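1. need a structure here:
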Amino acid sequence: MGSNPTVAPLIVVVGETASGKTAASIKIAQEVGGEIICADSRTVYQQMDIGTAKPSIKEQSGVPHHLLDVVRPDQKFSASKFQSRAIKCIQEISKRGRVPIMVGGTGLYIDSVLYNFQFNSKPDEALRTHLEQMNDEELTTLLNTKNIGSDSLNTKNRRHVIRAIERGGMTPENNTLRANTLTLGLTLEREVLKERIRLRVEQMFEDGFLDEVKRLSEEYGWEHESMSGIGYRAVKEYLEGNASLNEVKEAFFRGDLNLAKRQRTWFKRNKSIVWFDNPEALIVKAVEFANSFDYN
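-> Predicted structure coming up:
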């Protein structure tokens, strides 16, 4: 963690889905006078509240949250757009004398800020058009042909596969961690995590997830990236009469377990992350870090 007085201090909290990142980050923000920047490729979408496990209105009212509800479900969003907006948020929060806390499970979003990734401003449109015309089996074959690792890649998401092929399987290389940054990871024992995911899926359906998906599909259709989320794809099968409600819940549960595995794989590569299996200990570490800076 380099030190540079011109760089705003930043606390980052990462971890798997349902690991308790949101609750921990809110407690940190309350302790240190912080504001939260959400680093999640799903919660950027408006109207997609239940299925993305977006922080509740109550949680948001207690602590300022940023980069939620950024675009409509029929609009595109990218890691490069997140990066530029997040950097601006960090600067503005710091200018207010408050502590920026970036929290999320989307590894590329997180790393784009931590390591100042340089994104290509203009993709190869000819290559993209060619890849988009290929079927799923052809894309998978191409991944293997090019020896592009898929452990941390959602191979069921065509857009993710196509972008990985465009990058040659490599994320932008920059091993210099942002100065004045503490990156903390929250992890849970496997069986505990599985139980939390299962309970959360049940709660989502109790909270009206079916109605949310039905409303969104009627307004926007299914062709947009936003509608490719795990739970939304599962409910599509139910709405089309191809799966029972219990089958949908199980598919959602299994999908989130696979997501957690991909998140673990991604974050394990980052040796700068300090891991905790106890959220209270993580909070103490974050508060100590924040209090070591003069914000006046």
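2. okay, CA-based contacts and neighbour counts for the rest of this
-> Will do.
3. what strand or helix carries residue 200?
-> Element membership of residue 200, judged by DSSP states H and E, is helix 190-206.
4. give me the distance from that helix to the chain's centre.
-> 18 Å (CA atoms, centre = their mean, to the nearest Å).
5. also stretch 254-274?
-> Remark: stretch 254-274 is offset 11 Å from the chain centroid, using CA atoms, centre = their mean.
6. convert the C-alpha atoms of the helix holding residue 200 to CSV, please.
-> Listed next in CSV are the C-alpha coordinates belonging to helix 190-206 (Å, rounded to 0.1, in the frame of the first residue of the first chain):
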residue,chain,number,x,y,z
ARG,A,190,-18.6,-23.0,2.5
GLU,A,191,-21.6,-24.5,4.3
VAL,A,192,-22.5,-21.2,5.9
LEU,A,193,-22.3,-19.4,2.6
LYS,A,194,-24.5,-22.0,0.9
GLU,A,195,-27.1,-21.6,3.6
ARG,A,196,-27.0,-17.8,3.3
ILE,A,197,-27.5,-18.0,-0.4
ARG,A,198,-30.4,-20.4,-0.1
LEU,A,199,-32.1,-18.2,2.5
ARG,A,200,-31.5,-15.1,0.4
VAL,A,201,-33.1,-16.6,-2.7
GLU,A,202,-36.2,-17.6,-0.7
GLN,A,203,-36.4,-14.1,0.7
MET,A,204,-36.2,-12.6,-2.8
PHE,A,205,-39.2,-14.5,-3.9
GLU,A,206,-41.1,-13.5,-0.8
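7. which outside residues touch the helix or strand just after that helix?
-> Counting by DSSP H and E, the next helix or strand C-terminal to helix 190-206 is helix 209-220. Here helix 209-220 makes contact (CA atoms under 8 Å, 6 or more residues apart in numbering) with 47-48, 50-51, 73-74, 227, 232, 235-236, 239.
8. cool, and stretch 278-291?
-> Contact with stretch 278-291 is made by 9, 11, 20, 24-25, 27-28, 31-32, 99, 182, 184-186, 276, as judged by CA under 8 Å, 6+ apart.
9. low-confidence stretches in this protein?
-> By pLDDT under 70, the weakly predicted segments of the chain are 1-5, 120-123, 146-154, 168-175, 295-296.
10. let me see the ranges of the helices in it.
-> Using DSSP state H, the helices of the chain run over residues 21-32, 57-62, 79-95, 107-114, 125-132, 136-145, 158-166, 190-206, 209-220, 230-239, 245-268, 279-291.
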